[in-house]
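Undergrad: dropping a prediction and its sequence here:
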Amino acid sequence: MHRALHRLRRRRRGTPVVAVAAFALLAGCDGLLEVEHPHLLTAGDLTNSANAEFQINSAIALFECGYSTFGWVALGHEDVAEYVSGFAAKAHVFRADPATGVCDTGFFPAQAWFDQFMGARAMLSNADGTGVYQRLQGEWSLGVQTERLSALAALYVAAALDHFGEYYCEITFDGGDLLTPDEVLALAEDWITNRALAHIANHGDFALPNGIATSAQTTAIALRARIRWARGDLAGAAADAATVPPGFTAWVTRESGAQRRNKIFDAATFGSPFSAMLGVNRAWNGATRKPNPVTGQLWPDSVPFTGYFFLGVMPDGRAVSDAGYPVRWAQEVRSPAPASAPVSLGNGAIPEVRTPHTFKSVSGPAPREVPNRFKSVADDIPLVDWKEMWLIRAEHAGGQAAIDLVNELRVASGMPLVTYITGASATAQQIRYMLIEERRREFFSQAGRYWSTKILNTDILWFPRGEGRTVSGVYALEGGVRLAMPTNEYLLNPHLVARGGLAVRGSGCDPAEAPVFP
């Protein structure tokens with residue numbers, strides 16, 4: 001199932017991002033990992049070893065703010081939702097590049113996440129050698145706490161690098177030249193193996209500082225499994241994933257305050273949300289639509305692996321047809337009246353519990369379905385969990401072993417076991433389609449995990465690539481598969497200016513995945 005990862009180029013900010021600038025991006029975080037007055041930090045504070053843990057926790061808070069925003073915007077790239085409100089335009093248009101700016105504190109959610117990820121990385125490690133991790137390896141001596149804090153810093157450097165490697169076609173760091181996604185993912189893997197896990201071995205395992213007893217060692221190994229999966233190293237990824245126990249989850253923690261809220265819930269579910277969920281994609285039916293650039297074939301009139309309304313599972317466990325169309329148990333829209341319950345299609349399927357949604361008024365023309373996975377602005381968001389590990393193992397194993405692993409997930413969710421195929425009878429395509437649909441459902445509203453799956457399977461999973469508009473016709477689709485860097489990154493970085501500035505934007509992308517800029 002797993003396609004070879006395309007070799008793309010990467011990006012970096014035009015000028016080095018130092019800790020002071022990164023603190024400014026927070027503009028005050030409330031709740032856990034609190035930074036109440038970052039603007040009061042002086043250069044002296046940043047060089048004071050007594051503030052090491054405070055600075056690391058601040059970087060984690062910044063990372064988590066970006067992760068929450070990214071998860072909300074990713075709903076568009078994952079075909080879950082489109083914006084219908086007129087507010088926060090371009091959030092769900094398959095963006096070609098990320099939004100920049102600070103963590104928002106108001107009613108209208110900002111779309112910024114790029115600076116949060118980049119700032120967190122720079123606070124912890126940067127080319128100037130002023131990152132917390134680098135100081136812990138040099139001028140700062142904190143006794144027995146040095147190894148623990150070093151491991152924590154290294155883990156979140158790796159998490160930030162993983163983000164850039166998975167979702168961007170080119171990236172640079174600290175004024176450097178472009179790097180490919182695989183080069184960045186290799187850096188992320190190195191930070192896990194030779195730093196985070198090495199420091200944990202020296203110190204002993206410990207719980208992450210997120211209010212939940214989460215093993216730092218297991219988190220590091222699970223994150224490395226994801227990184228290796230994204231690099232196409234399925235054997236290495238599966239070996240790591242096999243060490244993760246069932247039930248394990250490492251969290252991006254959210255709180256009820258403005259900046260630490262779960263924005264996937266706040267913007268997509270709560271109140272009068274800005275988005276509406278999408279059914280099967282039948283908007284791509286025009287005679288002039290372009291073919292899938294990977295295969296050269298036109299997309300079908302109904303695009304496979306799309307639609308989140310009223311998904312179902314058959315008694316024999318089938319969730320997707322052999323042509324890639326998800327099983328449903330009810331009609332896609334509530335009819336004839338909004339108050340009526342969905343009706344059975346009479347196909348014997350039962351409702352899918354992993355993709356919860358609700359019908360309510362939105363900030364748009366009429367009531368619509370909205371995602372309902374998260375129930376509160378204080379709900380934690382999974383960073384990495386055992387279900388992802390099981391799917392990595394299944395992809396590597398194939399055959400009956402893959403079916404057995406999926407069935408363990410089905411038991412956990414209370415859904416029917418897969419019996420419609422067996423290892424002896426299943427084709428490679430049936431196994432691949434089964435696993436993609438399991439990812440699509442397990443990762444519903446889970447901060448880009450299905451987007452990453454789409455990136456590695458662009459021969460069958462749909463991206464608009466700059467064609468047409470959203471289903472409502474409100475916004476033009478930008479067509480991002482992977483993302484290019486923000487405009488200023490190409491205009492301020494001397495390496496890129498010398499190569500032509502914006503002329504090199506997207507040059508690291510595979511031609512079939514290159515972003516399209518309006």
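TA: In hand now; what should we look at?

Undergrad: what's the single longest helix in this structure?
TA: Secondary structure of the chain per DSSP state H: the longest helix is helix 52-77.

Undergrad: in its sheet, what does the helix or strand harbouring residue 359 sit against?
TA: Element membership for residue 359 (DSSP states H and E) is strand 357-360. Paired strands of strand 357-360, with direction, are strand 368-371 (antiparallel) (DSSP bridges).

Undergrad: can I get the strand it pairs with in CSV, CA atoms only?
TA: C-alpha atoms of strand 368-371 as CSV (Å, rounded to 0.1, in the frame of the first residue of the first chain):
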residue,chain,number,x,y,z
ARG,A,368,-25.4,21.3,8.2
GLU,A,369,-23.5,18.3,9.6
VAL,A,370,-20.4,19.2,11.6
PRO,A,371,-17.7,16.9,13.2
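
Undergrad: other residues contacting it?
TA: 75, 80-81, 84, 264, 268-269, 273, 275-277, 308-309, 334, 355-360, 362, 444-445 (CB atoms under 8 Å, 6 or more residues apart in numbering). From N, CA and C alone the C-beta is placed, and that goes for glycine too.

Undergrad: what helices or strands is the helix or strand following the longest helix of the chain leaning on?
TA: Where DSSP H and E defines the elements, the next helix or strand beyond helix 52-77 is strand 81-83. When contacts are defined as 3 or more CB pairs under 8 Å, 6 or more residues apart in numbering; DSSP states H and E, strand 81-83 sits against helix 52-77, strand 275-277.

Undergrad: strand 81-83 pairs with which strands?
TA: strand 275-277 (antiparallel).

Undergrad: tell me the average confidence for the partner strand?
TA: Across strand 275-277, pLDDT averages out at 87.

Undergrad: and residue 250, which helix or strand is it part of?
TA: Using DSSP H and E, residue 250 falls in strand 249-252.

Undergrad: from the chain's centroid, how far away is that strand?
TA: Strand 249-252 sits 13 Å away from the centroid of its parent chain (CA atoms, centre = their mean, to the nearest Å).

Undergrad: mind giving me the packing neighbours of it?
TA: For strand 249-252, the packing partners by 3+ CB pairs under 8 Å, 6+ apart come out as helix 52-77, helix 216-231, strand 381-385.

Undergrad: angle of the longest helix of the chain against strand 381-385?
TA: 90 degrees (axes from the mean of the first three to the mean of the last three CA atoms, to 10 degrees).

Undergrad: I'd like the mean pLDDT over helix 52-77, please.
TA: 94.

Undergrad: likewise stretch 249-264?
TA: pLDDT averaged over stretch 249-264 gives 88.

Undergrad: and that stretch, what's buried?
TA: 249-255, 257-264 (16 or more other CB atoms under 10 Å).

Undergrad: cool, and stretch 269-287?
TA: Those would be 269-270, 273-281, 283-284, for stretch 269-287 by 16+ other CB under 10 Å.

Undergrad: ok, how many other residues are close to residue 194?
TA: 11 (other CB atoms under 10 Å).

Undergrad: if we can go back for a sec, contacts for the strand holding residue 359, please.
TA: 269, 272-273, 277, 308-309, 334, 338, 367-372.

Undergrad: what mean pLDDT does stretch 169-185 have?
TA: In this model, stretch 169-185 has a mean pLDDT of 94.

Undergrad: start to end distance for that stretch?
TA: Length of stretch 169-185, first residue to last, CA to CA, to the nearest Å: 12 Å.

Undergrad: same question for stretch 457-472.
TA: End to end - CA to CA - stretch 457-472 spans 26 Å.

Undergrad: how about stretch 292-301?
TA: 13 Å.

Undergrad: what residues of that stretch count as buried?
TA: 292-294, 299.

Undergrad: pull out the buried members of the contacts of strand 368-371.
TA: Of the contacts of strand 368-371, these count as buried by 16+ other CB under 10 Å: 75, 80-81, 84, 264, 268-269, 273, 275-277, 308-309, 334, 355-357, 359-360, 362, 444-445.

Undergrad: so the helix or strand harbouring residue 119 versus helix 52-77, what angle?
TA: Per DSSP H and E, residue 119 falls inside helix 114-124. Here helix 114-124 runs at 150 degrees with respect to helix 52-77, directions being taken by the same axes, to 10 degrees.

Undergrad: tell me the mean pLDDT for the next helix or strand after helix 114-124?
TA: Moving toward the C-terminus from helix 114-124, the next helix or strand (DSSP H and E) is helix 132-136. Mean pLDDT, computed over helix 132-136, is 96.

Undergrad: distance from helix 132-136 to the middle of the chain?
TA: So, by CA atoms, centre = their mean, the centroid of helix 132-136 is 27 Å from its chain's centroid.

Undergrad: residues in contact with it?
TA: 19, 47, 49, 52, 55-56, 59, 123-126, 142, 146, 149-150, 153-154, 157, 195.

Undergrad: and stretch 238-245, by the same measure?
TA: In contact with stretch 238-245 (CB under 8 Å, 6+ apart) are residues 218, 221-222, 224-225, 228, 386, 388-390, 392-393, 395-397.
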